[in-house]
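Engineer: Below are the sequence and a predicted model; questions follow.
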Amino acid sequence: MQNSQSAPSRRTLVGRFWSSARGFWLKEDRVTAWLLTVGLIVLIFIQLGVQYRLNIWNRDIFNAIALKDGNAIFTQALILLPLAAATLGLAVIAVYGRMTMQREWRAWLVKHLLGRWLAKGHYYQLNLVRGESLVPEGRMTDDARIASDAPVDFTVGMFSSFVTAITFIGVLWVVGGDITVGTSNFSIVIPGYLVIAAVIYSAFVSVGMVLIARQFIRVSEATSQAEAEFRYALTRLRENGESIALLSGEQEEQRGLREGLRSVIERWRLYARQHMRATVVSSSNSLLAPTIPLILCTPKYIAGTMTLGEVTQAAAAFVLVQSAFNWLVDNYPRLADWMASARRVGQLLLAFDHLDTISKPGEAGAIKRTEEAGAALRLRDLTVSLDDGTVIINDADATIGLSERVLLLGDSGTGKTTLLRAIAGLWPWGQGEIALRTGAKMFLMPQRPYIPLGTLRRVVSYPLASSDVTDDKILELMTSVGLGHLVKNLDEDVAWDHVLSGGEKQRIAFARLFLHRPNLIIMDEATSALDTASQTTMMTLLIDRLPNAAVVSIAHRPELDAFHDRKLIFEHRPGGSHLIAKGISGHSTRASIP
């Protein structure tokens, strides 16, 4: 199934990421966010002060060396000790502050993404909207980490570079002064020539990096996507290991995984090429940057208008200024990685936005969900479609009363399971209305019940917390559904999803049903793994324990007719399946049930 949305631009994706990510400074954690932000800003200025004092020290120590002044050299050596201690201490504090902000921001962002993912069945609906939102777990782990870590480093680095450039441009201007270029007949005076040289050199290097590594962002994004898809394929293999083993599908799985690995390695080859191109610029810069100011200061040193200490001070200031200006050169590869991750998180957020929009009551292309008194469930002019508009079920009308049990039948592909998803609120696409009884408590029983991680006690109690259910209640429920032999294992934490048989899992689903006592039950082949006698026992228990609950079920066993009042049969027709109502004997009654 393809996503019907048009592909958003990269700028739109990054913008969508920021519109949510900035909530760290605007919502519930804003006090922590602003304290960390202000603390980092103050720390940058303190570090700048120490850095400036080291620049002065650099001048004084070399002047003392040039004058062979032992006392001055000893004094400067003593001054270095507190400066070094301050530099080290501030660096450690800066790492702590920066990583604390990254940790807190990531925690906030992931909680925000988890909240959107788990709301309104989005975790399920994203599987139906196949597109760029594929593999959301990768976007909430690796991509969320990179997308929140890098901006903190970038912001701290850029702000630090800005104030460093302003400060040491002043040093270059004062120490370097003017230089006269030309002959005795014609010469010009260049004021602040070291500042001009630093700006020109930095601009040249930055433009070179952009031109040489201009494909870095696109390649990084493609690499991240290939990694996520390969990881998803490995996860699916692990989760479906039993089925693969029973079918002896190892060779075919290996072929598929090798193809995925080949794609990953190819993307990494292109990624390495981009790194090599970027290294040409960054390594050249590392080689040239310290030597250029020495060459530029040599004429004034030879002329005696600049001391050795001033030469080394100017050289150090030049390196600091060009490093500040060349922030892009040093961070371009990481910037590319961040852009790729931010876009991937933005894609996930846009997918959530799309699902939220389509779920709004009255929204075009969305099924309207309401509550009203009377029947347990009403379907009014209900059309269920795919997200691209293809109709699955057309103009369905039905009413299911309290304590009524209705069986849905029809050929494969007529939309039975899709209708149950729509009733449950998991399938929003279509039009018409689904009306539930006011205050109705719904319970879904799929063919393969979900078995969470943890103890058997948690498995039976789910989705309630196991601490909310008494031992006596769990014992009674498990005994009633024929699982009394497992009571002794209630507090064992093993892989119950693999330990329990299909029939035992379905019995647990009935135990959960009797624990929650809903008044609207949706069953999708919920007894398919049970033998006939066990199926009869479970359905009899359902009727005895929940006599007033409405039941809508999909099943193909004829023995289940006895536990239902009537049938709704799906028939293939042009433009979508239609519902035909029949009595439990199979004789047609009317085309719809008002």
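Structural biologist: Looks like it came in fine. Numbering: from 1, shown residues only.
Engineer: need the contact list for the residue nearest to T305 when sequence neighbours are not counted.
Structural biologist: Leaving aside its chain neighbours, T305 sits nearest to G177 (7.8 Å; criterion: CB to CB, 6 or more residues apart in numbering). C-betas here are computed from N, CA, C, even on glycine. Under the criterion of CB atoms under 8 Å, 6 or more residues apart in numbering, the neighbours of G177 are 191-192, 300, 305.
Engineer: H275 is in contact with R334, isn't it?
Structural biologist: No: if you go by CB atoms under 8 Å, H275 and R334 don't touch, sitting 11.1 Å apart.
Engineer: right, and V50 touches L90 too?
Structural biologist: Yes: counting by CB under 8 Å, V50 touches L90, with 6.4 Å between them.
Engineer: tell me the SS of the residue of the chain most remote from its centre?
Structural biologist: Distance to the chain centre peaks in the chain at N185, reaching 68.4 Å (criterion: CA atoms, centre = their mean). Judged by DSSP: H, G, I helix; E, B strand; the rest coil, the three-state class of N185 is coil.
Engineer: show me the contacts for it.
Structural biologist: By CB under 8 Å, 6+ apart, the contact set of N185 is empty.
Engineer: what residue ranges in the protein score low on pLDDT?
Structural biologist: Low-confidence segments of the chain (pLDDT under 70): 1-7, 129-134, 182-184, 242, 328-329, 359-365, 581-594.
Engineer: just checking, I522 is part of a helix?
Structural biologist: No: assigned with three-state DSSP, I522 falls outside any helix and is strand.
Engineer: ok, what's across the strand from it?
Structural biologist: L444, V552 (DSSP bridges).
Engineer: Confirm for me that it is in contact with L444.
Structural biologist: Yes: I522 lies in contact with L444 (CB under 8 Å); the separation is 4.8 Å.
Engineer: list residues touching both of the two?
Structural biologist: Shared contacts of I522 and L444 (CB under 8 Å, 6+ apart): 420, 424.
Engineer: For the spatially closest residue to I434 that is not a sequence neighbour, which residues are in contact?
Structural biologist: Of all residues not flanking I434 in the chain, R369 sits nearest, at 5.3 Å (CB to CB, 6+ apart). With contact taken as CB under 8 Å, 6+ apart, R369 is in contact with 361, 425, 433-436.
Engineer: Buried subset of the residues you listed, written for PyMOL?
Structural biologist: A single PyMOL command selects the buried members of the contacts of R369 (16 or more other CB atoms under 10 Å):
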select buried, resi 425+433+434+435+436
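Engineer: Tell me the one of the contacts of R369 nearest D330?
Structural biologist: G425 (50.2 Å; CB to CB).
Engineer: Check the gap between that closest one and F162 for me.
Structural biologist: 51 Å (CB to CB, to the nearest Å).
Engineer: What of T370?
Structural biologist: Separation of T370 from F162 (CB to CB) stands at 56 Å.
Engineer: Pop the domain breakdown of the chain in here.
Structural biologist: Domain assignment for the chain by automatic domain parsing gives 10-211+289-358, 401-430+439-451+500-589.
Engineer: Adding distance to R458, write those domains out as a markdown table.
Structural biologist: Shown next, in a markdown table, are the domains of the chain (distance: least, CB to CB, whole Å):
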| stretch | distance to R458 |
| --- | --- |
| domain 10-211+289-358 | 18 |
| domain 401-430+439-451+500-589 | 10 |
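Engineer: quick one: the strands in the stretch 401-550 of the chain?
Structural biologist: Taking DSSP state E, counting those that start in this stretch as the test, the strands found in the stretch 401-550 of the chain are 405-410, 430-437, 442-445, 520-524, 550-554.
Engineer: K68: which of these is closest?
Structural biologist: Nearest to K68, of these and by CB to CB, is strand 442-445 at 88.5 Å.
Engineer: Touching the closest one from outside, list them.
Structural biologist: 420, 424, 436, 509-510, 512-513, 516, 518, 520-524, 526.
Engineer: Which residue ranges of the stretch 151-300 of the chain form strands?
Structural biologist: Secondary structure of the stretch 151-300 of the chain (DSSP E, counting those that start in this stretch): strands at 179-182, 187-190.
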